[in-house]
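1. next input, structure requested:
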Amino acid sequence: MGIPTTPTVRAALWLCALSAIAVSCAAPPIKPLPPAPSFRLAVLDFAVPSEWRDPVMPDKLKKERKGWWFGSRDIWRNPGYGRAAADALAREMNQLPFVHMVSRADVAYYMGAKLKLIRETLDEQRRKLEKSDNLKDWQEAERIRALTDADYDRLVETLPPREIGRELKVDRVLVGRVHEAYLAHNRTIHWYWSRVDIEAQLIDVESGKALWSRRAPFSGNIASPSLLLENAAKWMVEAMKNECFYAAAK
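-> Predicted coordinates for the structure are as follows:
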């Protein structure tokens with residue numbers, strides 16, 4: 001037995017049905033995003049300010065004290081944040097289905113081989129200069145002898161990303177710089193906070209052009225700059241997807 005309806009109710013039902021049909025006909029179908037072109041990518045260690053590095057122990061944690069009285073605080077800076085920032089970006093990029101990553105271990109092996117080659121080349125150059133009778137050659141030999149581990153690290157950082165990308169057989173290289181990254185502790189009220197400020201740039205190996213770049217400052221009342229680096233990496237990759245990868249596919 002059907003539900004009894006009045007003429008008014010039947011008219012209302014017909015109007016609702018007609019409205020639904022009209023809306024479905026008028027609304028355009030939602031088009032999915034076009035697939036982004038796939039590519040091979042290498043993420044290089046991010047550069048860090050040279051003053052963060054101890055000349056003898058480049059990976060040593062640096063601590064300094066600033067302010068006085070209630071503003072007195074300890075600040076820790078870690079030269080390893082350049083590697084940590086690159087690791088965080090690489091983990092996020094590796095989740096994209098169209099990105100084929102060169103592993104960070106392979107990148108580290110490659111950079112280690114480059115560092116060894118630079119050391120051997122300069123050491124051979126120094127031995128040749130020491131055999132010279134020219135004073136300037138002797139001075140140059142002494143300059144090479146005085147190079148520290150931090151100096152050699154900086155020389156590796158000056159290698160052109162495009163050249164590195166070609167040797168690693170990738171299409172694009174992601175490079176960057178850590179402008180700021182520290183953990184701070186107020187010595188009076190024992191309050192911790194962290195701040196990071198990183199910049200990343202995606203370079204096309206074939207043309208050498210920068211396809212995308214962005215700077216991401218993050219801060220928070222947490223005792224973990226590493227967590228802020230993870231948040232910055234997620235934010236950057238999301239921006240890169242929308243502004244570079246999917247935009248290029250449209």
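
2. so what does the lengthiest helix in the chain touch, helix or strand wise?
-> Ranked by number of residues, the top helix in the chain under DSSP state H is helix 104-130. For helix 104-130, the contact count by 3 or more CB pairs under 8 Å, 6 or more residues apart in numbering; DSSP states H and E identifies strand 39-43, helix 81-93, helix 135-145, helix 149-157 as packing neighbours. Every C-beta, even on glycine, is put in place using the N, C-alpha and C of the backbone.

3. measure R126 to L147 for me?
-> From R126 over to L147 the distance is 9 Å, taken as CB to CB, to the nearest Å.

4. over to E206?
-> E206 is 34 Å from L147, by CB to CB.

5. which stretches of the chain form strands?
-> 39-43, 62-66, 73-77, 99-101, 172-186, 192-204, 210-220 (DSSP state E).

6. distance to E238, mean neighbour count and mean pLDDT added to those, as JSON lines?
-> Output for the strands of the chain, formatted as JSON lines (distance: least, CB to CB, whole Å; neighbours: other CB atoms under 10 Å; pLDDT from 0 to 100):
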{"stretch": "strand 39-43", "distance to E238": "16", "mean neighbour count": "22", "mean pLDDT": "97"}
{"stretch": "strand 62-66", "distance to E238": "32", "mean neighbour count": "11", "mean pLDDT": "74"}
{"stretch": "strand 73-77", "distance to E238": "27", "mean neighbour count": "17", "mean pLDDT": "86"}
{"stretch": "strand 99-101", "distance to E238": "14", "mean neighbour count": "17", "mean pLDDT": "96"}
{"stretch": "strand 172-186", "distance to E238": "15", "mean neighbour count": "21", "mean pLDDT": "94"}
{"stretch": "strand 192-204", "distance to E238": "12", "mean neighbour count": "20", "mean pLDDT": "96"}
{"stretch": "strand 210-220", "distance to E238": "10", "mean neighbour count": "16", "mean pLDDT": "95"}
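
7. mind checking which of the ones you listed is nearest D87?
-> For D87, the closest of those is strand 39-43, at 8.1 Å, according to CB to CB.

8. what strands flank that closest one, and is each parallel or antiparallel?
-> Sheet pairing for strand 39-43, assigned by DSSP bridges, gives strand 99-101 (parallel), strand 172-186 (parallel).

9. okay if I get the helices and strands packed on helix 104-130 as CSV plus distance to S72?
-> Formatted as CSV, the helices and strands packed on helix 104-130 follow (distance: least, CB to CB, whole Å):
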stretch, distance to S72
strand 39-43, 38
helix 81-93, 24
helix 135-145, 41
helix 149-157, 29
